Structures are given as structure tokens and as C-alpha cells.
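Novice: sequence and predicted structure, then a few things I'm wondering about:
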Amino acid sequence: MPLPLVWLIKVVLIYGGLITVAAAMSLAERKVSAWIQWRVGPNRVGPWGLLQPVADGVKFIFKEELVPEGANQTLFRLAPILSAVPPMLAVAVIPFAGEVSIGGHVTTLSIADLDISTLYVVAIGGLGIYGVILGGWSSNSKYSLLGGLRASAQMVSYELSLLLSILVVVVLSGTLDLRQIVNDQAGPIFAWNIFALPVGPIAFLLFVIATFAETNRHPFDFAECEPELVGGFHTEYSSMKFALFFLGEYCAMTVMACLTTVFFLGGGNIPWWPDAPWLLELTCFLSKMGFFLFLFLWVRWTLPRFRFDQLMALGWKVMLPIAIANVFVTGALLSLGWFA
Amino acid sequence: MADTLFYILAAGTLACGMGVVTARMPLFSVLSLLGSLFCLSAIYLLSGFQFLAATQLLVYAGAIMVLFLFVIMLLNLGDEAELQGHLGFSLSGKKGLIAGATALSLGLVGVVGAGYSTPFVANPAYERGVDDLNALATVLFSRYALPFEAASLLLLATMIGVITLAKRQRTTDAGAHPQSAPPSTDGETAA
């Protein structure tokens, strides 16, 4: 089998998987909310409502596309694309499993292995916010503008904590390569970065909180904030454009769940079984990722929303100082030989 | 192939750079700058500087440009006229020409100076780019530690300066328009 075909198979597998997860999340969001609120949830289309995402897709395609009169035409059309593409690009470097043999070629189960994949995924993934900001601005609606404004302020505030908690992992592993970070955590369960006491759990907690803010998810979903802003940045959007925003959000959540798994829970590593077969590794990775995706939903339907000034206070006055101190402690302990 | 790509990207960088100064709306200026940064980052990637390219995107496109957009949206700047009202000065016409010419000549001085000080031959160690992060970090924190720290000190000084200026402005504003505290009605309604 020629090498380009192997690449093509990997790309189709991983992107097909990503889109499937995003579609499944749109159903899971409603199913989990129903479950938490003691309701049934969607159960009309297909068994257990499983075909609901397909029905939604068909509905989105046939809906009328509305562009507000005062809207900036170019940016209004560009924004949903800008929101959906970056998280999809970011997933290219996630190391889902170790070495796989496809048609006689031994290759790794990720689309690209970069030396600086950590930087790549954060840099590209962070661009998704432009879709939200520009969508909010170009709609020419005060609710949308406020949503976009909040999204940009929130993004700038929490990006710092996110990067500083990643920095702890990078310092511990001594590399920016995601695959290398995963390999570093092979062996007993205590090799996982979350168990790198005392800094690991703190970095993990900061990272998870920051991912909620970065993906504009509850309890930090101020860009949408239905009770205050109607629909926030996507108030004026309809049909497939609206769907693209949600595709982008679910893809971003998937990427963040993957990153949490890679950085803190040893990626596809099975504790005490360093050279497990790749299928088991992949299953292990996907179940860890699935847990964090569930966590997004669980938190959304359990916790109340913050107030915006509380969000800013938490980001700048609590999380940032702790994150900076955490990096210093990590560096000091590392130079003292604590993690040897 | 690489040459063609370079020329396309270089043209893109320049075109977007032109867009920054010619756009009527501040928001489009920011977006043009974003495009310019993207092309520049792709050029870095083409030359083998992966780390530099990713950092460029992370720092400028991911954080600083978002901040710019935030400010523009916060002031809700529509076009240049409103910008003048907010800032009290305009960079159009003759002033813009002078500023542009100064920036251009400074840039030329920099390029020519760099050309004289370092010969334009490919350094064998950097042929595939300075991707060895350990080497980069070692150089940055030993040989160039002083300039590195000086630059961060400069940024800190700028930050403190800006905060001082902004605070002074606010105090004088408050002094010019003394606001009496609204009478509390809570007690009355409670009573």
C-alpha cells in the first residue's frame, strides 16, 4: 500500500471520528441534560433518539438563511468558518495511540508528529475565538456585540492560566512534543502528570477550569448567556451558519478533552502495562477523553453561571497568581531533584 | 517550489501590511495585521523555524490581536472619524506620510545595518532552522540573558507608565466633573 494512501486513511479516520464525536455530543448534551433534570430527552428519531443529529443536520440545511440588513456581509459569512476550522486543524497533532500497522506501514496514530506540537495545538486552537468575536461584531446587534466583547476579554484572561498550567507539564517532561509527553507518563499510574505531587494536581485543576473558559462553556458561557444576551454572539445566525458555530464549539471541547488526557492522564497509556496493543491504547484514550467530554455536560447542567466580574476576578486574582507560583515551585523542585 | 511559495507569502505579507494603514475601519486594520502575521509565520515555517512560527501565532495572533479587537469593540469604533473623536488626533494625510516615511527609513537602516554586521551566508548550524529548543534556551538565557532581561524590563516600564497615565487621566476627569453620590433610597423603601 503506498504511503499517501496510509496518510489518507489516517486523515479520514481521525476527522471522521472528530465529526462523529461532535454530532454525538449534540445528542449527548440533550440526553445528559434530560437525565440530570429527570426528563426523557429526544426519543422520537431512531431508537433512543440516536438519529436526532441526522435530523438536526437535515433541518439546518433546509432552514432559511438570514443575514441582518446592517450586518457586515463578508465577516458575517466568514465568522462561522473561522470558528469551526481552527479546532479541526488542532486535532491533527493529538497522539491517539502508539504505533499502528496500516497496510504494512508502521506508523503512529496521529496525523502529524511535530517537535512543537504543544505550541501548535495551543496556537491554532486559540484562533477559534476570532469566529466568536467577528460573528458578534459583524451581526450589528447589541446582544451579539456584547457577546463577542465578553468572549475576547474572557479569552485573553484565561489563556494565561491555561498556558502556565501547560508549562508545568512541559517543564516536567522537558519537551514540547505531545507524543513524548505521553511516553513520559508510561508505567505505573503515579507516572501520570496529575500525580506529580505537589504541582501536578494544581496544574490539572487550573487547566480544566481554563478549558471551560476557553471553550466558552458553562459556567463561563458569557459569550452566549441566554438570560442576558438572547443568544449572545450567535443571536443573528440561522441555518448551517449557526450549526457551524456549534460544530466549532464541540470540536474545541473534544480537542480540550484530548489535551487534558494527554497532559495529565498519560494519553493512551494503561497503568502498569507500558506496551499494550494499540487498539486497547486507543480505547483507553477515548474513554478518558469521553469522561472529560461528559464533565463539560455534567458541569453545565449542575452549576449556576458566574457573574462577569466574578469571572474576571477568578481569572486574574486567583488563577493567575496560583499558576505563576505553581510554575516557580515546579522549577525549584525540579532543580532540587524532587521528580527524579 | 519553496521560492514560489516564499514570493506568494511575501506578497501577501506586504499586501496585508498595506491593508493595515489603508483600511477605513479599525477592525479591518486589525484583521489585515492578522493576515500579515499569518503570512510572516508561514515564511518562518518555510525557513525551518517551527518554534518561531508557532510562537508568533500564539503570542500575536492568539493574544495581542484579540486584545486589539477587544479595545476596538469596546469603543465600538466605526470608522476613522470616530477614531479621531476618541483619540483627539488623526494619522491621515501629511502626518501619516511622515510617520510612514520615518518607519520605512528606520526599517531600512535596520536591514542595512544587519546586512553589514552579519554576512549573508547560510550558517551551517542553522541550516534547518534553530529548532533545537535546548540550544535556543541555552543561548537565550546565557549569552543573550542581559538583552532578554532588558527587553522584559522595558515592557514592565511601559506597562507601569501606561497605568500611571491612565490613572492620572481618570483622577483629573473625576475632578473636572465632580459627581455627588446618589442619595440612598434603600432605607426609605425598607422603611
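Specialist: Right, received. Where do you want to start?
Novice: now stretch A:329-340 - C-alpha only, PDB.
Specialist: Taking C-alpha atoms only, stretch A:329-340 is exported to PDB below (Å, rounded to 0.1, in the frame of the first residue of the first chain):
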ATOM      1  CA  VAL A 329       7.600  25.700  42.500                       C
ATOM      2  CA  THR A 330       7.900  23.200  39.700                       C
ATOM      3  CA  GLY A 331      11.200  24.800  38.500                       C
ATOM      4  CA  ALA A 332      12.600  24.900  42.000                       C
ATOM      5  CA  LEU A 333      11.600  21.300  42.800                       C
ATOM      6  CA  LEU A 334      13.000  20.100  39.500                       C
ATOM      7  CA  SER A 335      16.300  21.700  40.100                       C
ATOM      8  CA  LEU A 336      16.400  20.200  43.600                       C
ATOM      9  CA  GLY A 337      15.900  16.700  42.100                       C
ATOM     10  CA  TRP A 338      12.400  16.200  43.600                       C
ATOM     11  CA  PHE A 339      11.000  14.500  40.500                       C
ATOM     12  CA  ALA A 340      13.900  12.200  39.900                       C
END
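Novice: ok, that stretch near chain B or not?
Specialist: No: no part of stretch A:329-340 sits close enough to chain B to count as contact by C-beta under 8 Å from any C-beta of the partner chain; the gap is at least 12.3 Å. Backbone N, C-alpha and C define where each C-beta goes, glycine included.
Novice: strands along chain B, start to end?
Specialist: Assigned by DSSP state E, chain B shows no strands.
Novice: point out where it drops to low pLDDT.
Specialist: Of all residues in chain B, those with pLDDT under 70 make up the ranges B:76-96, B:110-111, B:113-132, B:169-191.
Novice: tell me which parts of it are close to chain A?
Specialist: Counting by C-beta under 8 Å from any C-beta, the residues of chain B near chain A are B:27, B:31, B:34, B:50-51, B:54-55, B:57-58, B:61-63, B:66-67, B:69-70, B:73-74, B:76, B:131, B:133.
Novice: can you flag the buried ones in those?
Specialist: Neighbour-count burial (16 or more other C-beta atoms under 10 Å in any protein chain shown) applied to the residues of chain B next to chain A gives B:27, B:31, B:34, B:50-51, B:54-55, B:57-58, B:61-63, B:66, B:69-70, B:73, B:133.
Novice: and residue B:143, backbone torsions?
Specialist: Backbone torsions for residue B:143, taken as degrees, to the nearest 10, come to phi -70, psi -40.
Novice: who are the contact partners of it?
Specialist: Counting by C-beta atoms under 8 Å, 6 or more residues apart in numbering or on different chains, residue B:143 touches no other residue.
Novice: dump stretch B:154-167 to PDB, keeping only the CA atoms.
Specialist: The C-alpha atoms that make up stretch B:154-167 are tabulated as PDB, following Å, rounded to 0.1, in the frame of the first residue of the first chain:
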ATOM      1  CA  LEU B 154      11.300  47.800  29.100                       C
ATOM      2  CA  LEU B 155       7.900  46.100  28.800                       C
ATOM      3  CA  LEU B 156       7.400  46.300  32.500                       C
ATOM      4  CA  ALA B 157       8.300  50.000  32.500                       C
ATOM      5  CA  THR B 158       5.900  50.600  29.600                       C
ATOM      6  CA  MET B 159       3.100  48.800  31.500                       C
ATOM      7  CA  ILE B 160       3.700  50.900  34.600                       C
ATOM      8  CA  GLY B 161       3.800  54.100  32.600                       C
ATOM      9  CA  VAL B 162       0.600  53.300  30.800                       C
ATOM     10  CA  ILE B 163      -1.200  52.500  34.100                       C
ATOM     11  CA  THR B 164       0.200  55.800  35.600                       C
ATOM     12  CA  LEU B 165      -1.100  57.800  32.700                       C
ATOM     13  CA  ALA B 166      -4.400  56.100  32.600                       C
ATOM     14  CA  LYS B 167      -4.900  56.600  36.400                       C
END
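Novice: buried sites along the one helix or strand residue A:310 maps to?
Specialist: If you go by DSSP states H and E, residue A:310 is part of helix A:308-313. With burial defined by 16+ other C-beta under 10 Å, the residues of helix A:308-313 counted as buried are A:308, A:311.
Novice: pull the residues that contact that helix.
Specialist: By C-beta under 8 Å, 6+ apart, the surrounding residues in contact with helix A:308-313 are A:150, A:153-154, A:157, A:213, A:220, A:222.
Novice: overlap between the residues you listed and the residues near chain B?
Specialist: residue A:153.
Novice: dump the contacts of helix A:308-313 to CSV, plus pLDDT.
Specialist: Supplementary listing: those in CSV, determined by pLDDT from 0 to 100:
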residue, pLDDT
A:150, 85
A:153, 84
A:154, 86
A:157, 86
A:213, 88
A:220, 84
A:222, 76
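Novice: with the contacts of helix A:308-313 in mind, which one is nearest to residue A:318?
Specialist: Distances from residue A:318 to these, taken as C-beta to C-beta, are shortest for residue A:157 (11.2 Å).
Novice: in three-state terms, label the spatially closest residue to residue A:223 that is not a sequence neighbour for me.
Specialist: Using C-beta to C-beta, 6 or more residues apart in numbering or on different chains and skipping the chain neighbours, the partner closest in space to residue A:223 is residue A:151 (3.8 Å). Taken by DSSP: H, G, I helix; E, B strand; the rest coil, the conformation at residue A:151 corresponds to helix.
Novice: confirm residue A:176 sits in a strand?
Specialist: No: the assignment for residue A:176 (three-state DSSP) gives coil, which keeps it out of a strand.
Novice: just to be sure, residue A:101 is in a strand?
Specialist: Yes: assignment of residue A:101 by three-state DSSP places it within a strand.
Novice: list the contacts for it?
Specialist: Counting by C-beta under 8 Å, 6+ apart, residue A:101 touches residue A:107.
Novice: cheers, nothing more for now.
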